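Visitor: Need the 3D shape of this:
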Amino acid sequence: MKTHLEELWAYRDLIRNLVVRDLKVRYKDSILGVMWSWLNPLLMMMIFTLVFGVLWRHTDIKNYHIFFMSALLPWNFFQDSVMGGLNTILSNGHLVKKVYFPREVLPISFVISTLVNFLVALPVFFALALISGTPITPYALLLPIPISIEVLFSIGIVFFLSTLEVFYRDTHMLTSPLIQAWFFLTPIIYPARTLPTQAHLLGITFNAQAWMFRLNPMASIINAYQDLLYYGTLTAMDFLTRTAVTAGLIFVLGYLFFLKKSPRFGETL
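Guide: Model prediction:
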């Protein structure tokens, strides 16, 4: 694996070129271009704020739209990385079959290009937060921590799924509803603190808050973003540390799985 990582580093210029290509393709023939990085989360924020913050007001959270957007932006980054990244090997079959390069640069470059879109949308969030009276505290300087964890986790997931998509073309059909379910199982619309500490399922009593963070890595990541961007603090450091370890493990296992199967990409495609 060390050898592959060294080779990957040697191809860093290729990764950069592929990131630029992905960004150009994403906004090709689009009238608004990069503005969609701002408009899409803004439209989603307006819809969910109207439904959950006005029509069905279930929470007393101040500036609900800022609370929601602080979670929606990183979630969109993860969702777009997974749903777009799983097709990276398949959609670049002409390159995989004709040119030698480390195949892992394809999913990695796509996740990085999605990260760029996420970073482009952040200034809009900061502007909205300040206009709405939500202060941006020095804790926002710690954003690279959850971003790094999320990037590592996303690349690991994409390694698995992009490999499976080559051999099982209906992988994306299964992934789509799972991602949608994952969205509602992650504290994005609602704060994690509203989950019961004593929930009952099949006669078993359990702490829903604790198990949410234990079983759902994205819950800890999203919670970290909300802490830094909305609450101006950083709680649940123990869960975030465990998530960092989980993200690293997912990355390593996904990379090893990808490397094991990648020699068969050409013949399968």
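Visitor: When you work out contacts or count neighbours from here on, use the C-alpha atoms and nothing else.
Guide: Will do.
Visitor: check contacts around residue 113.
Guide: 19, 20, 22, 23 (CA atoms under 8 Å, 6 or more residues apart in numbering).
Visitor: And the helices in the protein?
Guide: When assigned using DSSP state H, the helices of the chain occupy the ranges 2-10, 12-26, 36-48, 64-85, 88-91, 93-98, 105-132, 144-167, 171-184, 208-215, 217-226, 237-261, 265-268.
Visitor: confidence score at the residue of the chain positioned farthest from its centre?
Guide: Centroid-distance maximum for the chain: residue 203 at 34.2 Å, with CA atoms, centre = their mean. The model reports residue 203 with a pLDDT of 80.
Visitor: how far does stretch 97-111 stretch from start to finish?
Guide: In stretch 97-111, first residue to last residue: 22 Å (CA to CA, to the nearest Å).
Visitor: Name the residues that touch that stretch?
Guide: So stretch 97-111 is contacted by 7-8, 11, 14-16, 18-19, 22, 81, 84-86, 88-89, 96, 151, 154-155, 158-159, 162, 258, 262, 265-267, 269 (CA under 8 Å, 6+ apart).
Visitor: for it, what is the average pLDDT?
Guide: Mean predicted confidence for stretch 97-111 is 90.
Visitor: Show me the shaky parts of the stretch 51-200 of the chain.
Guide: 51-59 (pLDDT under 70).
Visitor: and if we set it to 80?
Guide: Residue ranges of the stretch 51-200 of the chain with pLDDT under 80: 51-61.
Visitor: show me the contacts for the nearest residue to residue 255 once chain neighbours are set aside.
Guide: The shortest distance from residue 255 to any non-neighbouring residue, by CA to CA, 6 or more residues apart in numbering, is to residue 159 (6.0 Å). With contact set as CA under 8 Å, 6+ apart, residue 159 has these partners: 86, 104, 107, 251, 254, 255, 257, 258.
Visitor: do that again at 7 Å, thanks
Guide: 107, 254, 255, 258 (CA atoms under 7 Å, 6 or more residues apart in numbering).
Visitor: out of those residues, which is most surrounded?
Guide: residue 107 (28 neighbours; other CA atoms under 10 Å).
Visitor: Name the nearest residue to the residue positioned nearest the centre of the chain, ignoring sequence neighbours.
Guide: Nearest to the centroid of the C-alpha atoms of the chain, with distances taken as CA atoms, centre = their mean, sits residue 78, at 1.5 Å. Nearest residue to residue 78, sequence neighbours excluded (CA to CA, 6+ apart): residue 154, at 6.2 Å.
Visitor: isn't the one you found right up against residue 76?
Guide: No: the criterion here is CA atoms under 7 Å, and residue 154 misses it with residue 76 at 11.6 Å.
Visitor: The two: which has the busier surroundings?
Guide: residue 154 (26 against 18).
Visitor: what comes up buried for stretch 10-18?
Guide: Residues 14, 15, 18 are the ones in stretch 10-18 that count as buried (16 or more other CA atoms under 10 Å).
Visitor: Run through the residues that contact residue 152.
Guide: Residue 152 sits next to 247, 248, 251 when contact means CA under 7 Å, 6+ apart.
Visitor: rerun that using 6 Å as the cut-off
Guide: Contact analysis of residue 152 by CA atoms under 6 Å, 6 or more residues apart in numbering lists residue 247.
Visitor: got it, and residue 247?
Guide: Neighbours of residue 247 in contact, by CA under 6 Å, 6+ apart: 152, 153.
Visitor: Going forward, the N-terminal residue is numbered 21.
Guide: Got it, the first residue is 21 from now on, which makes the last one we talked about residue 267.
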